[in-house]
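**Student:** just coords:
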């Protein structure tokens, strides 16, 4: 069961009152529908907001570009698992026999461990240690087991969750997995320190043609991600691209 999340409204002012009401309206229709729950889940486009469909299409476009690139997918910042399970299902559908590509998801699952001065943006008064907590680890573990039962080569692990403070778990993970290559590094930690350690640890393992993608670059709400890139690779050393239909995700081909 998901934990209570401390109130943060990063999209406040970006949506009209009518747009903000859409989510509540969809939830009401979903709940009131007399269709079996499994039927409602199978027909999820009926209930998904355009913003979430945008997100799914963006992840698909990223994934397509690394289909022929050797290496696993690293997601830094799992939250409730939208991205993690999107990568997993895309791999299961588009490359069912790629048994060496794994999906690794890093998250504390208890919210932000700490904030530093580079993280002070327009949400400084709202964001604190423990913010954006989503105790989704157990649920995602169960969902991964079901996912394995419904895919080709399901007896070979595809998805792994790494729980804890990224400043500790990432170096330990690298030490434990010296073979690791990364075809796609997706950075959504929001904060400076974990983003910096992720870039320093994983970027040297991206072969040519691999992608490094960011969710919060050039975002005044979350300056830490931009500052972490400046401190490590340097922004002018990457050709940072975007999708015309998605205002958030930026990515570069190595």
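**Tutor:** Yep, that arrived. Predicted, not measured: the structure shown is a model, and the values here were computed from it.
**Student:** Now the phi/psi pair for residue 213, please.
**Tutor:** The phi and psi values for residue 213, taken as degrees, to the nearest 10, are phi -120, psi 150.
**Student:** List the beta-bridge partners for it.
**Tutor:** Counting by DSSP bridges, residue 213 forms beta bridges with residue 186, residue 251.
**Student:** What's the separation between it and residue 231?
**Tutor:** According to Cβ to Cβ, to the nearest Å, residue 213 and residue 231 sit 18 Å apart. C-beta coordinates here come from the backbone N, C-alpha and C atoms, glycine included.
**Student:** between those two, which one's more packed in?
**Tutor:** Applying other Cβ atoms under 10 Å to residue 213 and residue 231 shows that residue 213 carries more neighbours, namely 21 against 14.
**Student:** helix or strand right after the helix or strand harbouring residue 88?
**Tutor:** Here residue 88, judged by DSSP states H and E, is contained in helix 82-94. The C-terminal neighbour of helix 82-94 among helices and strands, as given by DSSP H and E, is strand 103-107.
**Student:** quick one: that following strand to helix 82-94, angle?
**Tutor:** Between the axes of strand 103-107 and helix 82-94, defined by axes from the mean of the first three to the mean of the last three Cα atoms, to 10 degrees, the angle is 180 degrees.
**Student:** and residue 65, how many residues sit next to it?
**Tutor:** Residue 65: 16 neighbours (other Cβ under 10 Å).
**Student:** now it: how far from residue 46?
**Tutor:** The value you get for residue 65 to residue 46, if Cβ to Cβ is used, is 29 Å.
**Student:** got any ranges where the stretch 51-200 of the chain has weak pLDDT?
**Tutor:** By pLDDT under 70, the low-scoring segments of the stretch 51-200 of the chain are 123-133.
**Student:** what's the residue most central in space within the chain in contact with, if anything?
**Tutor:** Per Cα atoms, centre = their mean, the C-alpha nearest to the average position across the chain is that of residue 83, at 4.4 Å. Taking Cβ atoms under 8 Å, 6 or more residues apart in numbering as the criterion, residue 83 is in contact with 59, 75, 105, 186, 188.
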